[in-house]
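**Student:** Could you work out the structure for the sequence below:
(chains A and B)
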Amino acid sequence: MLFDLFFKTRKPVEEDLPQASDGCGSGNCGCKKTPEPTTAEPDGYDMKLGKTMNRRAAFRQMTAGLLAGAGMVQASCSATSTGDKREEGQLKWEEYFKKNYRLMTDEEKSKTVERLERLYEINTGKTINVSTNGAVENVLYGYAFNISKCQGYMDCVNACVKENNQDRSSQMQYIRIHEMENGQLNFDDADDNYFHEVPAEGHFYLGTQCYHCENPPCVKVCPVGATWKEDDGIVVIDYDWCIGCRYCMAACPYDGRRFNWQTPEVPEEEVNHTQHYLGNRLRSKGVMEKCTFCIQRSRNGKNPACVEACPTGARIFGNILDPNSEIRWVLENKKVFRLKEDLGTEPKFWYYMD
Amino acid sequence: MKQLAVLGILAVLIVLGVKCAPGQHDEGGHNGSHHLLEQLKYISVDSLNYEFSRFDQVDKEKLVQIHQLVEGAEQFLIPDRMAEMKSYPCSNCHSKSLEALQAGKAPGEKKSHWDIEIVHAKTVTMQCTTCHDPKNFNLLHSLTGAPIEFNHSYELCGQCHSTQQKDWLGGAHGKQVGGWAPPRVSQTCTGCHNPHKPAFEKRLPARLNTEWLK
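**Tutor:** Residues are numbered from 1 along each chain as shown, chains lettered A, B, ... in the order given. Model prediction:
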């Protein structure tokens, strides 16, 4: 394939063209006296891919391409760079060629975690702890939100941003609290950016975030398998495998996913150093992210940060397979509903009232 | 011939009947709107072995078990409030009964805890002694005068707020403490509500997304 591209020599040019090297790159670029192609007007393909070139020019291009690709190793091979720079280059190089998280063996997982931790240490001098804890057996996480209790205080949003290292400069937030008028459930008329004392008279508050659907449409559309549902029902993203096409964002009927339009900025002193590979580890520009039910917390038995921060107890979290759990009692004894039930996405996020 | 036709129809009916029988759910499918909830009823989990518990997050010593209010109800844990109260026992200061205190009061002398304003139901319904035992300040008491410890104030609150108490006992009301794994630990009524002024107050949200406004 690569060779096809470079050796597309449809027409042999005069064996030696020394002047072809100065500035205009390879063979048939028009600025030198080269024979015009006998065929009609060259189209884009001809100009770019079907470019006529001789062997020397082809080799020159290949070398240039390889050198550019090897930019990352350059640092590691260079005798002049310092030890840390060299190690960083080496680590980045290895990181670049790692597998999709789901295909990694346990050893490969621990290797990549070591690299990520070391890279952070080289860059900031601080240590992070990246977990790769798997799903706990016989657990399916579920979430219930009491719309009678939520007062719109937004403590959950703050806690979430802090816990999950979200981009401060773009005000990335996984949770949205919608202020709605009593008697209707209409997102078009809801106010998501209220800035007055809450609760406002005659209004109720409904929070949305990723619902971790049992039948997640976002997972189906991902062209590279960078997002999937774990055994405990948490829908996760491999940030290093995501290509940023945002198909998932378009497929999600609940506005649950967020995109990093720019390199996320989190001041080092605010970074949460307790991280999970599929959770709150630092993301880069051009990748998707979203709520993971605080996978770094929930897989250790803790509640997600939003549940812990809620001052009204409007948020209930737990294992819906456990018949004695609080969440199970809510599901079995309260009148619960989910948004867009008709889509068959089966969110594991229920709303209920007192 | 006739018999064959009847048999044929019967066979068709049986096949149809089997296909449409209720409760025959396609396990992997997601068609019914309550499919997940329906499924939950039939899922039995053999063992729930967690390597963690809520005691990882909360000190076991600072918790008390609730009294059995309803037969068969789970007796979960709540924070030990009496250990948290700064000037408990109250009898350190209030050694006499309310009656004796009131009798010995000089004209114009201020009441104890004059600064506490009760914004909890109307005064015809509630006053201090509706909850506090006037004979023993270390205790609360029920509407009929049965003693109730401060740790078990939910017994008192539930006399009027029975629906909230039912939700609380089940797990729909009351903040989860320490995580989601067993054993269950929940906030008690007074952990979130000030009993003298139980309604949540209006305030500005913790974050104002004003930068988005253009």
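**Student:** Around chain B, pick out the residues from the stretch 101-250 of chain A.
**Tutor:** A:136-138, A:144, A:146, A:149, A:151-155, A:157-158, A:171, A:177, A:192-199, A:214-215 (CB under 8 Å from any CB of the partner chain). Glycine gets a C-beta too; all of them are placed from N, C-alpha and C.
**Student:** try 6 Å
**Tutor:** With CB under 6 Å from any CB of the partner chain as the criterion, the stretch 101-250 of chain A comes near chain B at residues A:138, A:151, A:153-155, A:157-158, A:193, A:195, A:197-198, A:214-215.
**Student:** List only those of these flagged as buried.
**Tutor:** A:Asn138, A:Gln151, A:Tyr153, A:Met154, A:Asp155, A:Val157, A:Asn158, A:Val198, A:Glu214, A:Asn215 (16 or more other CB atoms under 10 Å in any protein chain shown).
**Student:** May I ask which two of these are separated the most?
**Tutor:** The distance between the two most remote of these (CB to CB) is 39.0 Å, for A:Asn138 and A:Val198.
**Student:** and the residue in chain B that chain A sits nearest to, what are its phi and psi?
**Tutor:** Nearest residue of chain B to chain A, counting by CB to the nearest CB: B:Gly171, 2.9 Å away. The phi/psi pair for B:Gly171 (degrees, to the nearest 10) reads phi 130, psi 10.
**Student:** out of everything not next to it in sequence, what's closest to it?
**Tutor:** Leaving aside its sequence neighbours, B:Gly171 sits nearest to A:Glu326 (CB to CB, 6 or more residues apart in numbering or on different chains; 2.9 Å).
**Student:** ok, the one you found touching A:Ile316?
**Tutor:** Yes: in this structure A:Glu326 lies within contact range of A:Ile316 using CB atoms under 6 Å: 5.5 Å.
**Student:** more neighbours, those two?
**Tutor:** Neighbours per residue (other CB atoms under 10 Å in any protein chain shown) separate A:Glu326 from A:Ile316, with A:Ile316 holding more: 31 against 24.
**Student:** need the contact list for that one.
**Tutor:** In this structure, A:Ile316 makes contact with A:Ala144, A:Glu326, A:Ile327, A:Val330, judged by CB atoms under 6 Å, 6 or more residues apart in numbering or on different chains.
**Student:** can you do 8 Å?
**Tutor:** Taking CB atoms under 8 Å, 6 or more residues apart in numbering or on different chains as the criterion, A:Ile316 is in contact with A:Tyr143, A:Ala144, A:Phe145, A:Asn146, A:Val307, A:Glu326, A:Ile327, A:Val330, B:Gly171, B:Ala172, B:Gln176.
**Student:** Specify the beta-bridge partners of the third one.
**Tutor:** So the one you mean is A:Phe145. In this entry, A:Phe145 is beta-bridged to A:Arg315, A:Tyr351, by DSSP bridges.
**Student:** what pLDDT does it get?
**Tutor:** In this model, A:Phe145 is scored at 98, pLDDT.
**Student:** ok, now how distant is the spatially closest residue to B:Glu99 that is not a sequence neighbour from B:Arg81?
**Tutor:** Sequence neighbours aside, B:Pro134 is the residue nearest to B:Glu99 in space, at 6.9 Å (criterion: CB to CB, 6+ apart). Remark: distance between B:Pro134 and B:Arg81 (CB to CB, to the nearest Å) = 21 Å.
**Student:** Tell me, how many residues neighbour the nearest residue to A:Cys310 once chain neighbours are set aside?
**Tutor:** What sits nearest to A:Cys310 in space, not counting adjacent residues and going by CB to CB, 6+ apart, is A:Cys156, at 5.5 Å. Neighbour count of A:Cys156, defined by other CB under 10 Å: 28.
**Student:** related to what we said a few turns ago, shared neighbours, A:Glu326 and A:Ile316?
**Tutor:** Residues touching both A:Glu326 and A:Ile316 by CB under 8 Å, 6+ apart: B:Gly171, B:Ala172, B:Gln176.
**Student:** Specify the local secondary structure of the second one.
**Tutor:** Per DSSP: H, G, I helix; E, B strand; the rest coil, the secondary structure class of B:Ala172 is coil.
**Student:** Let me know the closest of the contacts of A:Ile316 to A:Arg258.
**Tutor:** Using CB to CB, these come closest to A:Arg258 at A:Tyr143, 18.1 Å.
**Student:** how about that closest one, what does it touch?
**Tutor:** Contacts of A:Tyr143 by CB under 8 Å, 6+ apart are A:Tyr211, A:His212, A:Phe293, A:Pro304, A:Arg315, A:Ile316, A:Phe317, A:Ile327, A:Lys348, A:Phe349, A:Trp350.
**Student:** 10 Å - rerun?
**Tutor:** Going by CB atoms under 10 Å, 6 or more residues apart in numbering or on different chains, A:Tyr143 touches A:209-212, A:291, A:293, A:304, A:306-307, A:315-318, A:320, A:327, A:330, A:347-351.
**Student:** same deal with A:Asn129?
**Tutor:** So A:Asn129 contacts A:Val113, A:Glu117, A:His273, A:Thr274, A:Gln275, A:His276, A:Gln296 (CB under 10 Å, 6+ apart).
**Student:** Can you name the helix or strand that whichever residue of the stretch 1-150 of chain A sits closest to chain B falls in?
**Tutor:** Here the residue of the stretch 1-150 of chain A nearest chain B is A:Asn138; by CB to the nearest CB that distance is 4.7 Å. Under DSSP states H and E, no helix or strand contains A:Asn138.
**Student:** Which pLDDT value goes with the residue nearest to B:Asn209 when sequence neighbours are not counted?
**Tutor:** Using CB to CB, 6+ apart and skipping residues adjacent in sequence, the residue nearest B:Asn209 is A:Asn193, 4.6 Å away. Looking at A:Asn193, its pLDDT is 88.
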